[in-house]
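**Q** Quick one, what's the 3D model for this:
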Amino acid sequence: ELERKAKMLVDGIVEVAKKHGHAISGDYAGGMFGWYFVDGPVKNFQEATKADGEKFGKWHRMMLERGVYLAPSMYRLVS
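**A** So this is what the prediction gives:
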């Protein structure tokens, strides 16, 4: 059940972001999930380093302002 909900969340955000022209990739495992602002998929650290860290920071701050607490680094997953 938890993995199904994580998949719905990740897929939904990826779909909306792509609809608005953002390069984004997301993944999940069980109840852990995260996103990278890069065309994906991201399967290792080397690929993750190609993501747009500035965009992630801006997105993270905007989410915090709305009361959504995510992992503070694009190299970590929310669990």
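**Q** Just list whatever residues bridge to the residue nearest the centre of the chain.
**A** Closest residue to the average C-alpha location of the chain: residue 35 at 1.5 Å, with C-alpha atoms, centre = their mean. Here residue 35 sits in beta bridges with residue 26, as judged by DSSP bridges.
**Q** residue contacts, it?
**A** Counting by C-beta atoms under 8 Å, 6 or more residues apart in numbering, residue 35 touches 10, 13-14, 17, 24-26, 56, 74. From N, CA and C alone the C-beta is placed, and that goes for glycine too.
**Q** Could you point out which of those residues is nearest to residue 45?
**A** residue 74 (11.1 Å; C-beta to C-beta).
**Q** contacts for the longest helix anywhere in the chain?
**A** Longest helix in the chain by number of residues, with DSSP state H as the criterion: helix 2-19. Contact with helix 2-19 is made by 24-33, 35, as judged by C-beta under 8 Å, 6+ apart.
**Q** picking that back up, out of the contacts of residue 35, which are buried?
**A** If you count burial by 16 or more other C-beta atoms under 10 Å, the buried members of those come out as 10, 13-14, 17, 24-26, 56, 74.
**Q** Out of the contacts of helix 2-19, which comes closest to residue 1?
**A** Of all the contacts of helix 2-19, residue 1 sits closest to residue 31, with 9.5 Å by C-beta to C-beta.
**Q** pLDDT on stretch 38-54, on average?
**A** The average pLDDT for stretch 38-54 rounds to 91.
**Q** Pull it out as PDB, backbone CA atoms only.
**A** Taking C-alpha atoms only, stretch 38-54 is exported to PDB below (Å, rounded to 0.1, in the frame of the first residue of the first chain):
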ATOM      1  CA  VAL A  38      17.100  16.100 -15.200                       C
ATOM      2  CA  ASP A  39      15.800  13.900 -18.100                       C
ATOM      3  CA  GLY A  40      15.900  10.400 -16.600                       C
ATOM      4  CA  PRO A  41      15.800   7.900 -15.400                       C
ATOM      5  CA  VAL A  42      18.500   8.400 -12.800                       C
ATOM      6  CA  LYS A  43      20.000   5.100 -11.700                       C
ATOM      7  CA  ASN A  44      23.300   6.000 -10.100                       C
ATOM      8  CA  PHE A  45      25.100   8.900  -8.400                       C
ATOM      9  CA  GLN A  46      27.000  10.000 -11.600                       C
ATOM     10  CA  GLU A  47      23.600  10.400 -13.400                       C
ATOM     11  CA  ALA A  48      22.200  12.300 -10.300                       C
ATOM     12  CA  THR A  49      25.100  14.800 -10.500                       C
ATOM     13  CA  LYS A  50      23.800  16.000 -13.900                       C
ATOM     14  CA  ALA A  51      20.500  17.200 -12.300                       C
ATOM     15  CA  ASP A  52      19.800  20.900 -11.900                       C
ATOM     16  CA  GLY A  53      20.600  21.600  -8.200                       C
ATOM     17  CA  GLU A  54      19.500  25.200  -8.400                       C
END
